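Chemist: Sequence plus the predicted model coming up.
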Amino acid sequence: NPNVVLQFQITAFGDGERLMVTRDVSRIHHLEKMRQDFVANVSHELRTPLTVIKGYLETFIDTLNSDQPHLKRGLSQMHQQTQRMELLINDLLLLARLESDDKERTMTPVSVPKILRQIHNDALAINESKQHKIILDIDTNLIIYGDENELRSAFSNLMMNAIKYTPENGRIELRWWADEEGVYLEVEDDGIGIDEKHLPRLTERFYRADQSRHAKSGGTGLGLAIVKHVLLHHDAKLEIVSDPGEGSVFTCRFPTRLMVKKENQSVA
Ligand code: ADP
């Protein structure tokens, strides 16, 4: 029966005996699937009305006379909030898709350096007001098997966080390197850092290290949950090292078995 999900736990004792416990977790799985479907459906349904509201607001803002500054300011604020809602809905939808096991994953050879160059360029463009120094350090041209769109989302979330949580004139480094144990994507910043007590829960949905700070940062609280799920699909691990006031390093380690074996893959 495809609807029955069983969980087995085997315990070995010193005298060679084994104890096997079988649990029927079908109901938990079913409820979890319902939750995921519900979030995906609601997010999808909210998109259309929001697009209409945003479209009208843009038209009103463009056509409004300059002798109505209050109205214009109010409409601009409403427009900003619709943009926030749009980001939230898109992230919710992406996360719901990532969490569901239904999707056929397309694991193709992905050039991470290419993705990183795009992310680096985008970051330079949006970062102007904060004057960060953003450095791209590509140490290997190694290609890995992966889902290109998912990887792009994960890496750009890490980059956007580095920009958000690093004050003006900070330094951010985006690195891609390899050793015998894996290939690594690393985002390092010298920003506000994270207190150790928050680290274990950071990749939970809507978990924030600091509520008040978060409100100003404009994030959705879903970025690291997205990163976690993308890495899970790639059998990769996320490591976070951070010091409050000093900065943070987010490292994604991809296993060597994802590397595409190719002759003459030289260091860039
Ligand atoms: P958000 O939309 O709030 O940024 P995320 O899931 O991306 O949501 O991150 C969760 C929390 O982790 C953030 O609210 C912030 O407190 C903390 N965080 C993430 N990245 C960094 C970083 N580079 N520096 C400091 N804090 C960070």
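Modeler: Looks like it arrived, so ask away. Just so it is clear, the model here is predicted, and its values are computed rather than measured.

Chemist: How about stretch 152-171 and the ligand, touching?
Modeler: Yes: Stretch 152-171 comes into contact with the ligand (Cβ under 6 Å from any ligand atom), by way of 157, 161-162, 164-165. Any C-beta I mention is one placed from the backbone N, CA and C, and that applies to glycine too.

Chemist: who wins for neighbours among those?
Modeler: Ala162 (27 neighbours; other Cβ atoms under 10 Å).

Chemist: would that one count as being in a helix?
Modeler: Yes: using DSSP: H, G, I helix; E, B strand; the rest coil, the secondary structure at Ala162 is a helix.

Chemist: mind listing what it touches?
Modeler: When contacts are counted by Cβ atoms under 8 Å, 6 or more residues apart in numbering, Ala162 is found next to 172, 187-189, 191, 248, 250.

Chemist: and if we set it to 7 Å?
Modeler: With contacts defined as Cβ atoms under 7 Å, 6 or more residues apart in numbering, the neighbours of Ala162 are 172, 187, 189, 191.

Chemist: Pull up the gap between the third one and Asp195, please.
Modeler: Yep, that's Asp189 we're talking about. Relative to Asp195, Asp189 is positioned 16 Å away (criterion: Cβ to Cβ, to the nearest Å).

Chemist: Next: the first one.
Modeler: Ile172 sits at a distance of 20 Å from Asp195 (criterion: Cβ to Cβ).

Chemist: Same question for Ala225.
Modeler: 19 Å.

Chemist: More neighbours: which of those two?
Modeler: A count of neighbours by other Cβ under 10 Å puts Ala225 above the other of Ala225 and Asp195, at 22 against 11.

Chemist: Let me know the distance separating that one from the ligand.
Modeler: Taking Cβ to the nearest ligand atom, to the nearest Å as the criterion, Ala225 is separated from the ligand by 6 Å.

Chemist: correct me, but that residue touches Arg205?
Modeler: Yes: the criterion here is Cβ atoms under 7 Å, and Ala225 meets it with Arg205 at 4.7 Å.

Chemist: by contact count, what packs against the helix or strand where Gln77 lies?
Modeler: Assigned by DSSP states H and E, Gln77 belongs to helix 69-99. Packed against helix 69-99 by the contact rule (3 or more Cβ pairs under 7 Å, 6 or more residues apart in numbering; DSSP states H and E) you find helix 26-63, helix 223-233.

Chemist: which residues touch the next helix or strand along the chain from the last one?
Modeler: Tracing the chain past helix 223-233, the next element assigned as helix or strand by DSSP H and E is strand 237-243. With contact meaning Cβ under 7 Å, 6+ apart, strand 237-243 is reached by 193-194, 199, 202-203, 227-228, 231, 248-253.

Chemist: could you redo the last one with a cut-off of 6 Å?
Modeler: Counting by Cβ atoms under 6 Å, 6 or more residues apart in numbering, the neighbours of strand 237-243 from elsewhere in the structure are 193-194, 199, 231, 248-253.
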